[in-house]
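[1] take a look and give me a structure for this.
(2 chains)
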Amino acid sequence: NAGVMQNPRHLVRRRGQEARLRCSPMKGHSHVYWYRQLPEEGLKFMVYLQKENIIDESGMPKERFSAEFPKEGPSILRIQQVVRGDSAAYFCASSPYPGNLNQPQHFGDGTRLSIL
Amino acid sequence: SQQGEEDPQALSIQEGENATMNCSYKTSINNLQWYRQNSGRGLVHLILIRSNEREKHSGRLRVTLDTSKKSSSLLITASRAADTASYFCATDSTGTYKYIFGTGTRLKVLA
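    Numbers count the residues shown, from 1 in each chain, chains lettered A, B, ... in the order given. This is a model prediction of the structure:
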């Protein structure tokens, strides 16, 4: 499967625990975006990364949330000390080009995070 | 409010009918894209229209863009039950790298 791979598909955490969401972009893609989606709503931009660099994190809460895209391995979205309001679907998208070059994004099937 | 706003929020039609969804946005753009999302799945790219284009076709899809009104429409002709999904428009924002998604139109096509 050459598509964007996200895992786990479903993640259950208790309040106060940490959640780690992984995204492996399509082969050859070095640009990764993370989005959050609440039920019946659109996707909200969180962060845009290139390999080893955070380019735009303007949509990500300043506390408890962090993202990385190391030279080797998947991109990770990390949420520390989760709260009920973090329950959502988190989607990753990748592209071979920067986001301002009129190219579509390729999405994974998301991780559905539930906080008990 | 969010950059892209679709209307209607929900649309229910019979198989064979056409479905039209609209998207409005606020700032200048380089391009506008339409995506489909099936329940429980990620988004699938349908069509991209550049700011200097007015209309684009892809199979049963027709997209128009009116930059003077900051609006776009997606027309699905001869709809099928398999077209049942949520449809989102997404705009880039000149000078930034991110895409802004609308709230979506939930389309139900009845067999």
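
[2] phi, psi of residue B:82?
    With angles defined as degrees, to the nearest 10, residue B:82 sits at phi -70, psi -10.

[3] contacting residues for the nearest residue to it once chain neighbours are set aside?
    Closest residue to residue B:82 apart from its sequence neighbours, by CB to CB, 6 or more residues apart in numbering or on different chains: residue B:109 at 7.8 Å. All C-beta atoms are positioned from the backbone trio N, CA, C, and that covers glycine. Contacts for residue B:109 were tallied using CB atoms under 8 Å, 6 or more residues apart in numbering or on different chains; they are B:12-15, B:19, B:79-84.

[4] who does residue B:109 form a beta bridge with?
    Going by DSSP bridges, residue B:109 is paired in beta bridges with residue B:13.

[5] what's the answer for residue A:34, then?
    In beta-bridge terms (that is, DSSP bridges), residue A:34 pairs with residue A:47, residue A:92.

[6] what pLDDT does it get?
    pLDDT for residue A:34: 97.

[7] now do it against residue A:78, distance only.
    In this view, residue A:34 and residue A:78 are 11 Å apart by CB to CB, to the nearest Å.

[8] joint contacts of those two?
    Common neighbours of residue A:34 and residue A:78 (CB under 8 Å, 6+ apart) are residue A:67.

[9] between these two, tell me which one has more neighbours.
    residue A:34 (26 against 13; other CB atoms under 10 Å in any protein chain shown).

[10] the more buried one reaches residue A:76, doesn't it?
    No - in this structure residue A:34 lies outside contact range of residue A:76 using CB atoms under 8 Å: 9.8 Å.

[11] spit out the residues that contact these two alike.
    A:23, A:67.

[12] pull the contacting residues for the residue nearest in space to the middle of chain A.
    Closest residue to the average C-alpha location of chain A: residue A:34 at 3.4 Å, with CA atoms, centre = their mean. Shown in contact with residue A:34 (CB under 8 Å, 6+ apart): A:23, A:46-47, A:49, A:60, A:67, A:75, A:77, A:90-92.

[13] how close does it get to chain B?
    Taking CB to the nearest CB, to the nearest Å as the measure, residue A:34 and chain B are separated by 11 Å.

[14] how far away is residue B:29 from chain A?
    For residue B:29 relative to chain A (CB to the nearest CB), the value is 10 Å.

[15] number of nearby residues for that residue?
    23.

[16] also residue A:14?
    8.

[17] what of residue A:111?
    22.
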